[in-house]
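A.B. asks: okay, here's the prediction I keep looking at, along with the sequence it came from:
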Amino acid sequence: AIGMAAAHECPLGLLFAPPFCKVMLRARPEFDDLQFVPGLTDGACGWFNSLRLLLAHRAPQLTKGGEAMAFVGDGELELALEGLEARMPSGAKQVFDACLTYVGGACADPHLWESAIAVAAAMLREASTAPQLSATAAELTPLLQRLRQAPGRRPPGAGRAISDLNRSLQACGKARAGGTSAELQALKATLEEVCRDLGDVPVHAPPPPLPDTLEEGVSVGGKSCTPRRQAPSLARESMDVCGVGIRGGEPLSASNLKAFAEAVAVSALEEQLQPFLGAVVAEFRRVVPAKLLRGLSWRDLQDRLSGQRLDQASFVAEWRRHTICELCDDDDPAIELWWRHVRGRSPEELRRLFAWCTGYAAAPVTAWKFQIQVIEDTSRCPTVNTCLTDDPSAANRGVKRPTLYLPAYSSAEELARRFDWAIAGACEMMLR
């Protein structure tokens, strides 16, 4: 999907982090890209920002804008590094922190509730320490409370997800000694209330346990790319950092701090993501033409994948700016009624309407057009053709120009009802 979005100028509406875009283009990630790595960034006092402050005036080529930061003297630096070794959060710890962020962020979006509960259930099963259990419970409890408060917005698979969560919570309670945290107690109480609201929660077979070792990975070409290795465990929260000028576990000092930072960037943004990232990059580059790849910067790729990032008013104005009317004028009553309908949509409704009309998840940064053709038959629902371009020949290789065939409805209520029917039908057929 990523390669198709880039090659065919069809944005996904997702903002990919700069280091991901760089790796897709086989550009080397930089130290500052660590700010996007879960587990390494935790506000102004986080792991990455603390290291950046220490490097600001000693390795300006690594820290963009670091010259504006406070200068840390040699004595302060040695004091700050005292007792620290060349180690960093393990890959498993970083994944766990990323999952925590996902579960906490899903609270505001009902579409993510089911998947977030499933992720939290897996986290409870795999957690190795009391703080990990407590952190998971603290992020999940507000989501379950929202689930109780909005019964009409519960996802279809809520019962199954809750059943899995209930089983995971019982298992972690039996397996971990040392008492129950206040966060876990609050989670259990909320879960009991949710189960009462849902009635009989179905019982499903538990997922298979994580194996002690991982099988050999297989690359896209069918060749083995990783040896059989130990499965990641949350019991190991840190790992040695090795690289040019730095040995794993050695004491940190002013002399090896720059080498340590460079090795951390390589480990977190490249090595720990293999072999999975390598397979993604290979498929991406197989789909996207080489000529296009040569002319893309990572910012260009990020924009192609995300589309324009606009507030609602600007989005509507951009849509209208790219619109032409066929067989009618801009001040035609049907056209004016249409744009009133567009302006009145909520952000989520506007996104779905735009996707249905154009096939785009967001307004592209590349050239595009939109056409409206008013038709007289008001007994029909509106329809779209997203395969058209502005090339009138049979080749159809011009600028993409999705076309909306808009019946001349007489009222805003009729127009809104007909569009709801059309979009709902498309969603049922999994057409976005």
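C.D. replies: Thanks, I have it.
A.B. asks: mind listing what's buried along the host helix or strand of P131?
C.D. replies: When secondary structure is defined by DSSP states H and E, P131 falls within helix 130-149. Within helix 130-149, the residues that count as buried by 16 or more other CB atoms under 10 Å are 130, 132-144, 146-147. Where you see a C-beta, it was placed from the backbone N, CA and C, and this is true even at glycine.
A.B. asks: so which elements touch it?
C.D. replies: In terms of contact count using 3 or more CB pairs under 8 Å, 6 or more residues apart in numbering; DSSP states H and E, helix 130-149 is assigned the packing partners helix 91-105, helix 113-126, helix 158-175, helix 182-198.
A.B. asks: quick one: which of the ones you listed is nearest S314?
C.D. replies: When the helices and strands packed on helix 130-149 are ranked by proximity to S314, the top entry is helix 91-105, at 24.2 Å, counting by CB to CB.
A.B. asks: can you list contacts of that closest one?
C.D. replies: With CB atoms under 8 Å, 6 or more residues apart in numbering as the test, helix 91-105 has contacts from 37-40, 89, 112, 116, 119-120, 122-123, 126-127, 132, 135-136, 139-140, 142-143, 232-234, 236-239, 268, 272.
A.B. asks: which parts of the stretch 201-350 of the chain are helices?
C.D. replies: Secondary structure of the stretch 201-350 of the chain by DSSP state H, counting those that start in this stretch: the helices cover 257-269, 276-287, 290-294, 298-306, 312-321, 333-343, 347-358.
A.B. asks: mind listing what's buried in the third one?
C.D. replies: Right, the one you point to is helix 290-294. For helix 290-294, burial by neighbour count (16+ other CB under 10 Å) applies to L293.
A.B. asks: distance from that helix to the middle of the chain?
C.D. replies: A distance of 26 Å separates the C-alpha centroid of helix 290-294 from that of its chain, computed with CA atoms, centre = their mean, to the nearest Å.
A.B. asks: which other residues reach it?
C.D. replies: In contact with helix 290-294 (CB under 8 Å, 6+ apart) are residues 6-7, 25, 285.
A.B. asks: likewise for the fifth one?
C.D. replies: Identification of contacts with helix 312-321 by CB under 8 Å, 6+ apart yields 308, 310, 339, 342-343, 347, 350, 354, 363, 370.
A.B. asks: try the fourth one
C.D. replies: Judged by CB under 8 Å, 6+ apart, the contacts made with helix 298-306 from elsewhere in the structure are 2, 5-6, 9, 11-16, 18, 21-22, 24-25, 27, 296, 362, 364-366.
A.B. asks: tell me which of the helices and strands packed on helix 130-149 lies nearest to A80.
C.D. replies: The stretch from the helices and strands packed on helix 130-149 with the least distance to A80 (CB to CB) is helix 91-105; that distance is 22.0 Å.
A.B. asks: got the angle for the closest one vs helix 257-269?
C.D. replies: The directions of helix 91-105 and helix 257-269 differ by 70 degrees, with axes from the mean of the first three to the mean of the last three CA atoms, to 10 degrees as the criterion.
A.B. asks: in helix 91-105, what's buried?
C.D. replies: Within helix 91-105, the residues scored as buried using 16+ other CB under 10 Å are 91-97, 99-100, 102-104.
A.B. asks: look up how far N385 lies from the closest residue to I423 other than its chain neighbours.
C.D. replies: If the residues on either side of it in the chain are set aside, I423 comes closest to W356, at 4.9 Å by CB to CB, 6 or more residues apart in numbering. The spacing between W356 and N385, counted by CB to CB, to the nearest Å, is 12 Å.
A.B. asks: which of these two has more neighbours?
C.D. replies: In this view W356 and N385 are compared by other CB atoms under 10 Å, and W356 has more residues nearby, 22 against 13.
A.B. asks: so the more buried one touches V384, yeah?
C.D. replies: Yes. Using CB atoms under 8 Å, W356 makes contact with V384 at a distance of 6.8 Å.
A.B. asks: ok, the contacts of helix 290-294 vs S255, which is closest?
C.D. replies: For the contacts of helix 290-294, the nearest to S255 is L25 (33.6 Å; CB to CB).
A.B. asks: next up, the contacts around the closest one.
C.D. replies: Counting by CB under 8 Å, 6+ apart, L25 touches 293, 296-298, 301.
A.B. asks: kindly report the same for E414.
C.D. replies: Residues touching E414, when contacts are defined by CB under 8 Å, 6+ apart, comprise T378.
A.B. asks: distance of it from E326?
C.D. replies: From E414 to E326 the distance is 22 Å (CB to CB).
A.B. asks: repeat that for P19.
C.D. replies: As defined by CB to CB, P19 lies at a distance of 44 Å from E326.
A.B. asks: mind checking which helix or strand M88 is in?
C.D. replies: M88 belongs to strand 87-89 when assigned by DSSP H and E.
A.B. asks: which helices and strands sit right next to that strand?
C.D. replies: Counting contacts by 3+ CB pairs under 8 Å, 6+ apart, strand 87-89 packs against strand 238-240, helix 257-269.
A.B. asks: any idea which of those is most buried?
C.D. replies: helix 257-269 (a mean of 21; mean count of other CB atoms under 10 Å).
A.B. asks: quick one: work out the angle between that one and helix 276-287.
C.D. replies: Helix 257-269 and helix 276-287 meet at an angle of 70 degrees, taking the same axes, to 10 degrees as the criterion.
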